[in-house]
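Student: okay, here's the prediction I keep looking at, along with the sequence it came from:
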Amino acid sequence: MATKLLALACIRNDSYGNLSPRPHYPSMPKYPKGVSVQETSLQGSEVGAMFSVTGMTCSACAGSVEKAVKRLPGILEAVVDVLNNRAQVTFYPSFVNEETIREAIEDVGFQAALIKDETNEKSIQVCRIHINGMTCTSCSSTIEKALQAIPGVQKAQIALATEEAEVHYDPKVVSHNQLMEAIDDVGFEAILVSTGEYMSKIDLQVDGLRAGKSMRMLENSLQALPGVQAVDISPELKKISVSYKPDMTGPRNIIRVIESAGSSKRFKATIFSERGGRRETRRKEEIKQYFRSFLWSLIFTIPIFLTSMVFMYIPGIKQGLDIKVVNMLTVGETLMWMLSTPVQFMIGRRFYTGSYKALRHGSANMDVLIALGTNAAYFYTVYTVLRAANFPDFEGTDFFETSAMLISFILLGKYLEVLAKGKTSDAIAKLMNLAPETAILLTLDEEGNVISEEEIDSRLIQKNDIIKIIPGAKVASDGFVLWGQSHVNESMITGEARPVAKRKGDTVIGGTVNENAVLHIKATKVGSESALAQIVRLVESAQMAKAPVQKFADRISKYFVPLVIIISFSTWLAWFLAGKFHGYPESWIPSSMDRFELALQFGISDMVIACPRALGLATPTAVMVGIGGGASQGMLIKEGQALESAHKTGTLTVGKPVVVNARLLKNMVLHEFYDLVGATEVNSEHPLAKAIVEYAKKFRQDEENPAWPEARDFVSVTGHGVKAVVRNREVILGNKSLMLDHNIAIPADAQDMLKETEGMAQTGILVPIDGEVTGVLSISDPVKPGAQEVISILKSMNVRSIMVTGDNWGTASSIARQIGIETVVAEAKPEQKAEKVKDL
């Protein structure tokens with residue numbers, strides 16, 4: 001029983017000989033057999049086509065599509081993107097056409113359609129820009145409007161929590177430099193993250209680099225290297241950043257050019273280590289900055305608080321603070337004025353800057369509210385202090401502690417906020433850490449034999465490198481297997497717990513784990529092209545997209561600040577007029593205040609407490625952390641909309657099926673029965689087949705790796721079972737549906753055993769030999785320990801759970817009852833499962 005309760009999967013009829021201890025790779029022809037390069041050149045150059053492929057659910061599906069296309073004559077290259085459900089095919093039109101390719105894809109069980117306007121889509125690039133200075137949704141809205149007003153910009157998305165902009169633009173109409181200038185013009189600092197061009201980038205630490213002639217020599221040498229697009233040198237950091245096209249060159253070529261430059265060869269290049277990456281470095285610096293500001297504000301605010309709230313009740317100290325300096329101006333008021341001024345104008349300078357930028361462009365943000373509220377308190381107190389110093393009979397009330405404490409509390413909130421925002425990049429960092437740090441690079445001779453091995457940094461892998469993957473190691477790059485056969489754990493991509501069998505020609509994904517044998521792979525996608533990099537970009541794009549609740553919060557925040565200012569002024573005016581016309585008892589007015597001051601305090605309270613930070617920032621931060629957290633748990637969310645209508649597929653069983661019972665129904669030598677069964681199932685890659693083979697080995701204990709009899713005419717029937725001819729006897733293993741298809745009668749005792757097996761949540765496999773059911777095998781795949789608890793929690797959240805399985809109804813119903821699922825779809829084929837997910 002599989003984790004999604006699949007029945008036996010479709011397996012190719014490949015036979016394997018003994019692997020040679022020294023791998024040899026025949027050259028891979030680029031042209032159809034029997035066609036020379038000269039003949040092909042006469043037929044015209046290759047062309048590309050993009051197909052939309054629906055029904056793919058994992059990397060195994062993508063591999064099936066890729067192999068089906070590559071079997072056609074005239075195919076130069078086929079690349080399948082399972083995340084975006086597309087296939088890019090490069091071919092020679094003299095030998096094959098788009099319709100033939102489309103039919104080949106549909107023959108393996110997927111729907112395909114030619115995308116004719118892909119060239120227009122490719123002309124649109126996606127630029128990512130980091131933006132400093134945003135404080136609330138009003139800032140992000142201002143930037144978004146400025147970008148969307150530029151001709152050539154199709155879409156602009158601003159993520160406040162990550163402080164990044166993603167802009168879809170036509171490079172023929174507008175450049176990324178113009179986009180950055182537009183952001184600078186509205187008062188924010190723009191830092192380019194990526195231009196969206198089809199390039200990879202590497203940062204190198206170069207020892208011996210100095211400004212001057214050596215720097216110019218290095219730059220010219222790198223610019224001359226084919227494929228290098230841009231070179232940026234920072235002599236003070238001894239750092240060189242090189243943007244290049246991975247199809248034309250790679251990081252090792254760049255390092256070779258650097259180290260061979262000059263006559264003395266004094267340069268030494270290594271990967272530039274920037275702990276946590278640029279985004280993490282900026283985040284840590286921002287956290288330190290707010291923490292320092294908060295500490296400085298405390299140094300001044302705590303004495304102000306003690307002076308106004310504590311010392312005034314302590315005899316002796318109170319008399320000292322009440323000493324008159326000039327007229328009615330006291331020592332305490334003078335001291336608080338001196339302490340609050342640095343907080344207001346130096347530590348709180350960021351709020352003045354933010355307010356100025358916002359008001360200059362006709363918008364009001366949170367900084368405007370803070371500046372208005374604290375300035376009202378501060379300058380009113382300055383007025384009362386100056387009046388007390390000039391009039392011997394005036395005794396006013398100070399609000400210095402109000403402005404200082406407000407700024408301190410807001411800085412504390414800002415500090416906690418940037419800490420929360422830092423969590424949004426944690427998941428992306430975890431995803432990037434899935435890639436191994438090192439890789440074993442193989443060097444081959446002209447005949448394809450391995451002549452040397454070298455351990456290199458995995459970031460130095462180039463396209464078409466041959467990489468050795470040892471058991472237990474992570475696959476260092478996307479590619480395909482050249483030599484060896486093993487099982488690879490692809491759960492980080494597919495979510496499936498079961499390892500996937502890999503042999504020559506099969507595709508592998510970087511970051512997955514090789515389990516039990518050595519593989520040699522050829523790297524096909526490196527750097528930004530890899531599946532892992534695509535997943536990271538997908539998560540980043542999802543964090544950019546706004547959920548409906550976030551869009552609603554943004555719309556409210558847009559009008560919130562002006563509304564709060566109006567309400568605050570109205571509150572002050574209402575209380576002031578009510579006091580003027582005796583609308584409330586005199587006893588409501590504290591002894592240290594008059595009517596004006598009481599009204600002013602209420603107005604300031606409204607203005608400061610109603611800051612829209614929680615509304616405008618809590619929602620996007622929650623979205624960012626949610627999407628990032630989902631990614632780290634293997635759940636990829638493509639857009640914010642999905643957060644409010646999410647459907648998640650998962651596995652219910654452990655993924656390691658074992659044979660728990662077997663019964664012979666005919667008189668037959670047990671050893672011979674398991675020879676026939678093992679020889680048939682050893683050709684299948686399905687987990688149930690592997691469980692049967694392992695069980696059959698127990699009856700051949702004299703051999704650790706038994707040589708099974710030859711199986712001829714092996715056929716796998718998707719979702720039903722397998723059959724083959726072994727020792728001139730027809731052997732079938734499968735479910736009841738397969739028996740009915742072959743008109744094989746199922747005896748009563750076999751049916752009783754199947755019923756008993758299904759009742760125990762096990763899978764029953766019938767074994768007819770020469771048309772008669774000879775035995776029944778019971779296979780169990782235990783339910784995951786936490787499955788029942790997860791379903792129970794989902795039920796309490798009113799989330800409906802559905803089980804879709806390829807297993808029989810009896811087994812499926814038994815498992816469903818065990819874990820508490822009410823809706824079951826059993827005996828479903830793989831394409832029916834995909835269709836069910838689409839229906840949801």
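Tutor: Cool, got the structure.
Student: these two touch, right, Met180 and Phe188?
Tutor: No. Look at Met180 against Phe188 with CB atoms under 8 Å: they stay out of range, at 10.1 Å. Every residue, glycine included, has its C-beta placed from N, CA and C.
Student: tell me the pLDDT of Ala618.
Tutor: Note for Ala618: predicted pLDDT of 59.
Student: go on, the one 10 residues further on?
Tutor: According to the model's per-residue confidence, Gly628 sits at a pLDDT of 60.
Student: ok, now which ones touch the closest residue to Glu437 other than its chain neighbours?
Tutor: Leaving out its chain neighbours, the residue that sits closest to Glu437 by CB to CB, 6 or more residues apart in numbering is Ser458, at 6.1 Å. Residues in contact with Ser458 (CB atoms under 8 Å, 6 or more residues apart in numbering) are 435-439, 476-477.
Student: which of those residues are buried?
Tutor: For these, a burial check counting by 16 or more other CB atoms under 10 Å picks out 435-436, 439, 476-477.
Student: out of the residues you listed, which comes closest to Ala156?
Tutor: When the buried ones among the contacts of Ser458 are ranked by distance to Ala156 (CB to CB), Ala435 comes first, at 30.9 Å.
Student: now the closest one, nearest residue through space, not along the chain?
Tutor: Taking CB to CB, 6+ apart as the measure, Ala435 lies nearest to Gly511, with 5.3 Å between them; neighbours along the chain are not counted.
Student: do Gly74 as well
Tutor: Here the nearest residue to Gly74 in space, its sequence neighbours aside, is Phe95; by CB to CB, 6+ apart that works out to 2.8 Å.
Student: distance of that neighbour relative to Glu103?
Tutor: With the distance defined as CB to CB, to the nearest Å, Phe95 ends up 15 Å from Glu103.
Student: ok, these two, which is more surrounded?
Tutor: The neighbour count for Phe95 versus Glu103, taken as other CB atoms under 10 Å, is higher for Phe95 (16 against 12).
Student: so that one, which of the three states?
Tutor: Under DSSP: H, G, I helix; E, B strand; the rest coil, Phe95 falls in the coil class.
Student: how about stretch 150-161: buried residues?
Tutor: Neighbour-count burial for stretch 150-161, with 16+ other CB under 10 Å as criterion, is recorded at 150, 152-153, 156-161.
Student: all helices for the stretch 451-600 of the chain, in order.
Tutor: Listed in chain order, the helices of the stretch 451-600 of the chain (DSSP state H, counting those that start in this stretch) span residues 491-494, 531-544, 548-580, 595-609.
Student: whoops, the stretch 101-250 of the chain was the one
Tutor: Counting by DSSP H, counting those that start in this stretch, the stretch 101-250 of the chain forms helices over residues 118-122, 137-148, 176-185, 213-223, given from the N-terminal end onward.
Student: and of those helices, who's closest to Ile589?
Tutor: That would be, of those and by CB to CB, helix 137-148, which comes in at 36.3 Å.
Student: how far off centre is the closest one?
Tutor: Remark: helix 137-148 is offset 25 Å from the chain centroid, using CA atoms, centre = their mean, to the nearest Å.
Student: what does stretch 402-418 give?
Tutor: How far stretch 402-418 lies from its chain's middle: 32 Å, per CA atoms, centre = their mean.
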